[in-house]
Structure formats: structure tokens, C-alpha cells
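# Structure for this input, please:
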Amino acid sequence: MTPHLAQPKSLRLFFAWAFLMTRITRKQFLALGAAGLAGAGLLGVEKFAGPAAATPPAVPGTLVGASSAIGHRLRSGGFPPPSETRSAGLVIVGGGMAGLGAGYRLAKAGFDDFLLLDLEAAPGGNAASGRNAVSAYPWGAHYVPLLTQEARAVRALFEDLNIITGYGANGAPVYDEYALCADPQERLYRYGRWQEGLVPAIGVTPDEEAEYRRFFAAMAAFRQRIGSDGKRAFAIPIDLSSQDADLTALDAITMTQWLQREGYRSPNLAWYINYGCRDDYGTEAQHVSAWAGIHYFAARNGRAADADDQGLVTWPEGNGYLAHRLAAALGDKVRIRQLAFHVETRDDGVVLDVWDAAADKVYRLQAKAAILATPHFVTARLTGDPALATGFSYAPWVVANITLSAMPAGLGAELSWDNVIFDSSLLGYVVATHQATQMRPLATVLTYYWPISHLPPEDARRGALARRLEDWQAIFLKELLAVHPELDGHVERCDVWVWGHAMIRPEPGFIWGEQRRRSLAQKPPLFTAHSDMSGISIFEEAYTHGVRAAENAMAYAGHGFETVL
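Got it, this is the predicted structure:
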């Protein structure tokens with residue numbers, strides 16, 4: 001969940017569903033009675049009516065987020081001329097995972113003459129994180145699944161960081177046990193109780209059960225398929241996927257259209273698939289490319305010697321852990337509160353004009369090359385080429401971190417790392433203290449996610465930026481206290497982050513379309529790196545693009561290296 005945002009655990013979820021069905025029959029479901037149904041139909045934040053919903057309390061909090069005020073200076077302009085000129089061998093613009101990955105790759109290869117500029121107070125992009133007296137917590141992306149066989153650059157990083165500590169007798173990686181997500185991993189709230197797993201299980205019909213089996217069998221077949229070009233049908237990074245025509249043709253229709261074409265009619269299956277699309281792409285299934293929708297379920301083939309094959313690694317601060325480790329490795333190469341607002345190539349390299357927001361002055365940077373690790377709508381403004389942003393659409397998200405003086409409870413399955421409410425406009429919450437190694441904590445932070453997918457992105461973005469903190473708190477706390485009335489009086493604070501352009505939206509025709517393919521072309525001395533060049537906003541894609549840009553830049557500069565791609 002969130003701008004990585006969650007990755008599919010389809011096989012594990014299917015088996016959890018099947019296991020639960022052996023324990024809760026439809027007869028038992030009906031015996032739950034009308035009281036148990038009172039919590040059904042959590043249809044959205046405006047219509048939400050859960051069991052005994054308390055009035056959301058007035059609580060402390062702040063409205064935080066990406067530095068839109070600084071970033072919008074790029075759009076409004078009006079900068080003074082540079083007051084001085086500086087120089088560097090290579091400049092990386094953007095401190096998200098692509099930019100940090102590029103810097104880390106340069107540093108590992110002994111290429112020291114570079115700087116990384118980021119407009120935020122700390123690098124990390126949508127892997128930003130925070131910390132209070134209770135716990136560290138994520139503000140965005142919060143985990144990485146077990147790595148696929150194609151994710152070679154990330155595998156090398158995980159070995160460097162000792163997230164992968166070795167390899168078992170069967171060749172599968174051994175992961176750091178403190179990073180592997182602890183059980184229980186996920187649960188779903190519906191009909192006034194929690195069930196294990198996220199595939200709806202209680203009260204499904206025999207026909208729906210048959211559709212479940214058929215759908216997951218189809219996803220398993222896609223996962224195992226090798227194309228005529230010798231590549232897996234769905235891979236990560238996505239550009240290592242098979243280019244077979246029948247597969248790439250899936251990009252031309254929506255996931256909803258594919259489900260209809262294949263004869264899937266189950267409302268519960270449709271909900272689950274739509275949840276997956278909102279979770280990974282911030283976008284409804286009716287607007288997501290069928291190729292991307294299937295990729296969510298079929299791309300992961302990671303293994304571990306010490307974990308279930310559908311496992312994942314996470315930390316209390318989510319992928320902020322990775323951002324901190326990468327930034328620490330770069331040291332003073334990272335320069336914060338620096339907004340590059342103009343970039344141009346010249347015969348002798350690249351010139352960048354930069355506003356130092358902390359000092360409120362403009363300086364010019366002359367470099368031999370530059371890596372623009374920025375989303376394409378920003379790259380278009382930096383270079384003055386609006387065509388670069390054509391076809392790129394971004395989903396807005398809102399994330400709330402709610403600090404509690406008590407732990408959530410609930411009937412049914414016990415508190416899990418990932419907790420989802422059926423049919424809610426919100427996406428659910430993860431528990432920041434889930435990875436705590438000490439005894440069960442008495443307080444926690446819940447990271448609550450909401451991809452604003454029910455509106456066109458521009459409308460959703462405009463409305464989100466206009467809301468007050470109190471409005472956001474009311475939305476998140478209304479649902480939390482309806483599902484968890486026992487937490488009334490235990491909400492210590494509620495902080496909110498608005499992501500206006502959280503992640504790229506893989507609309508039909510984008511992933512295998514001409515515009516994305518053109519974005520992959522590198523034009524020295526300018527190089528580009530961002531997850532939007534994949535059409536899927538996940539750590540593996542962003543980091544790999546950063547590494548590739550760094551290696552291309554080193555080759556351009558004549559600096560020797562051994563590739564990790």
C-alpha cells in the first residue's frame with residue numbers, strides 16, 4: 001500500500017482465503033446475524049457509516065508534505081540572475097530513489113566528482129519517513145517484495161546493505177530476519193469482523209469461489225510463461241518482460257475490460273482486483289492498462305531461503321530505511337533545499353541554474369553531464385521542452401500517520417502489518433510497530449493511505465491541496481474510530497501528508513506506447529532516471545533507472561566500471 005505501493009501477494013492471499021473458507025462456512029457466516037452486518041458497506045469517506053462511529057476528536061497534528069511551495073517556484077519562475085558560478089563533474093537533480101540510486105552507483109564505482117541536488121529538507125522522494133517518541137513511520141512507500149530474478153541492480157544493493165546476508169543451499173537468498181515482514185501480514189475488515197488475507201472470503205458463493213480459482217490459475221500461468229523471445233511474460237524491471245505481441249496487446253485495454261472479456265463476474269473478485277490497482281497505481285481498474293493490472297499479480301517470482309516465496313522486507317519507517325542508507329553513503333554530496341530551475345546543454349557540457357532556498361540566492365552550476373532524476377512533468381520545465389511531459393499522468397495520494405496510546409483490536413483475525421477495510425475509499429493502514437522485536441507494544445503509529453482515485457487526477461489534486469488539516473483528520477479518524485471504537489480517547493495526534501503527484505498512472509497504451517519508449521532514450525550529456533519511465537512506481541524500477549543513468553554517464557565520461565545491470 002502507498003506510493004510503492006503494495007505489491008501483490010496473490011498466491012499467499014489465495015491460500016489464506018482458501019484456509020479461511022475451511023474455517024468459516026456460509027452457514028456460520030449467516031449465523032453472525034444482523035449485528036455483524038452493521039459494519040458492512042463501507043462505501044466511501046462521504047457515505048461511511050460503520051458500527052458505533054464516534055465523533056472524530058480534535059487532536060494535535062500538522063499538515064506536512066513535499067515542498068510544493070518551493071516546487072511551484074519552478075512553475076511560476078521569477079528567479080533573479082545567478083550571483084555566482086560553481087562547477088562539478090556531474091550533477092544529479094532529484095533526491096528520490098532514482099537520484100539516490102544514481103549517486104550510490106557513482107560512489108561505488110569510484111566516480112567522486114558529483115553533486116546531488118534535492119529541494120526537500122531530506123532526500124527520499126516518495127520514500128519519505130518520519131519519527132516520533134513512539135516509532136519511526138513511513139510517509140509513502142513502505143516495503144519491497146522478495147526480489148525477482150531480473151532485479152540484479154537491487155540485488156547488488158541488498159547485498160551491500162546486508163539485507164541479503166547470504167545464499168542457501170538451493171541458491172535462494174537469505175534475508176535479514178529483522179527486515180522480513182513478521183506474521184500476521186494482512187487482514188480484511190468486512191461484516192463487522194476481520195478475516196485473514198485480503199481476498200474476500202466470508203459469504204462468497206460457489207460460483208465466486210470457482211472464479212477465484214480460475215483467476216489465480218490464470219495469474220499463475222502468466223507468472224510461469226516464457227515468451228518466444230526467451231523472457232518472462234511479466235518481469236521487474238518491466239523492460240525485461242517478453243515483447244510477444246499478444247502480451248503487449250494487453251496494454252491497449254483496461255483491466256476491467258480484460259476481466260469482462262474473460263468472463264469474470266464476481267463482485268468480490270472485482271473489488272479485490274480494483275484494490276490491487278489502487279494499491280499499486282493509485283488508479284481504478286477501469287483506468288489501468290490490463291498489462292499493468294496483470295503485472296501486479298504475475299510479475300513476482302522472488303524466493304528466499306528463510307521466508308515464504310510471497311514474503312517481503314519492511315522497516316518501521318518503510319522504504320525510508322533505504323533512503324537513509326543511500327543518503328548516508330553519499331555524505332556531503334547531497335545538497336538539500338536546492339531547486340534546479342533551468343538546464344541546458346552546451347558544447348562543453350551542461351549548465352544548470354539553481355535556487356538555494358535556504359540562502360535565498362541563485363547560482364549557476366557548470367558540469368560535464370547531468371542526470372535528471374525527476375518526474376517528466378518536472379523534466380519538461382527544467383529543459384523547456386513541454387513535449388517531454390505528454391502522456392504522463394500522475395496519481396495524487398494522501399497519507400495520515402495516527403499516533404495511538406493503545407493498540408487496535410477487533411473481532412476475528414488479529415492485528416496485522418497490513419489492515420484493509422472492504423469497500424472503503426481509503427486503502428487501509430499499516431502498523432509501524434509491527435516489526436518491533438520487544439514485547440507487544442502498548443502504543444503505536446498507524447500509517448493510513450488514501451489514493452484519491454475516484455476523481456480525475458487534476459481535480460483530485462486541486463481539491464486535495466485546498467483541504468485543511470482538520471478536514472483530513474476528520475476523514476481518517478472517522479473511519480478508524482468506526483472500525484475501532486475501542487480507540488476513542490487514545491488518538492494522540494494525526495499528521496497528514498498530501499502527495500500531489502505521487503506516482504505515474506499506467507493508463508492503457510502508456511507502458512508499451514511510443515511516448516514511454518521515447519522517454520527511455522538518453523541524450524548525452526543529459527541523462528534521465530525516474531520510475532515514471534517504467535509506467536510503474538515501485539522501488540525496483542526507480543533504483544534500476546538511477547543505476548542505468550549513472551552507468552551511461554560514467555561511460556560517457558570515460559570512467560571504467562563493471563555493470564550491475
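
# By residue count, tell me the biggest strand in the protein.
The single longest strand within the chain, with elements called by DSSP state E, is strand 491-504.

# average pLDDT for it?
Per-residue pLDDT values across strand 491-504 average out to 95.

# mind listing what it pairs with, with the direction of each?
Sheet neighbours of strand 491-504, with direction, are listed as strand 63-65 (parallel), strand 394-404 (antiparallel) (DSSP bridges).

# Now do the helices for the stretch 51-200 of the chain: every range, in order, please.
Per DSSP state H, counting those that start in this stretch, the stretch 51-200 of the chain has helices spanning 68-76, 97-108, 152-160. These are given in chain order.

# Quick check: which of those is buried the most?
When you average the neighbours per residue for each of the helices of the stretch 51-200 of the chain (mean count of other CB atoms under 10 Å), helix 97-108 leads with a mean of 27. Quick note: C-beta positions are derived from backbone N, CA and C, even for glycine.

# wait, what's in contact with the closest residue in space to Asp244 that isn't next to it in sequence?
Leaving out its chain neighbours, the residue that sits closest to Asp244 by CB to CB, 6 or more residues apart in numbering is Gly227, at 4.2 Å. When contacts are counted by CB atoms under 8 Å, 6 or more residues apart in numbering, Gly227 is found next to 233, 241-244, 247.

# Over to Trp258?
For Trp258, the contacting residues are 250, 290, 293-294, taking CB under 8 Å, 6+ apart as the criterion.

# coming back round to it: what about the longest strand of the chain, distance to the chain center?
Here strand 491-504 is found 13 Å from its chain centre; the criterion is CA atoms, centre = their mean, to the nearest Å.

# before we move on, what about stretch 155-175?
23 Å.

# mind checking the end-to-end distance for it?
Using CA to CA, to the nearest Å, the end-to-end distance of stretch 155-175 comes out at 11 Å.

# Okay, now the unreliable bits of the chain?
Applying pLDDT under 70 to the chain flags the ranges 1-57, 66-76, 438-439.

# on that earlier part again, ok, now how distant is the residue nearest to Asp244 from Phe79?
As defined by CB to CB, to the nearest Å, Gly227 lies at a distance of 49 Å from Phe79.

# Then Glu541?
32 Å.

# Neighbour count for those two, which is higher?
Glu541 (26 against 16; other CB atoms under 10 Å).

# Contacts only, for the nearest residue to that one once chain neighbours are set aside.
If you skip the residues right next to it in sequence, Glu541 has Ser534 as its closest partner in space, 4.0 Å away by CB to CB, 6+ apart. Each residue near Ser534 by CB under 8 Å, 6+ apart is listed here: 237-239, 504, 511, 516, 541, 545.

# Any chance of those residues in TSV with distance to Ser425 and secondary structure as columns?
As requested, the contacts of Ser534 are exported to TSV (distance: CB to CB, whole Å; DSSP: H, G, I helix; E, B strand; the rest coil):
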residue	distance to Ser425	secondary structure
Pro237	32	coil
Ile238	29	helix
Asp239	33	helix
Ile504	21	strand
Ile511	26	coil
Arg516	29	helix
Glu541	27	helix
His545	32	helix
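
# and which of these is nearest Tyr191?
When the contacts of Ser534 are ranked by distance to Tyr191 (CB to CB), Ile504 comes first, at 35.4 Å.

# List the beta-bridge partners for the closest one.
Using DSSP bridges, the bridge partners assigned to Ile504 are Tyr394.

# That one and Arg155, how far apart?
With the distance defined as CB to CB, Ile504 ends up 24 Å from Arg155.

# Likewise for Ala201?
With the distance defined as CB to CB, Ala201 ends up 35 Å from Arg155.

# Gly410 now?
Here Gly410 is placed at a distance of 38 Å from Arg155 (CB to CB).

# Thanks again, I'm all set now.
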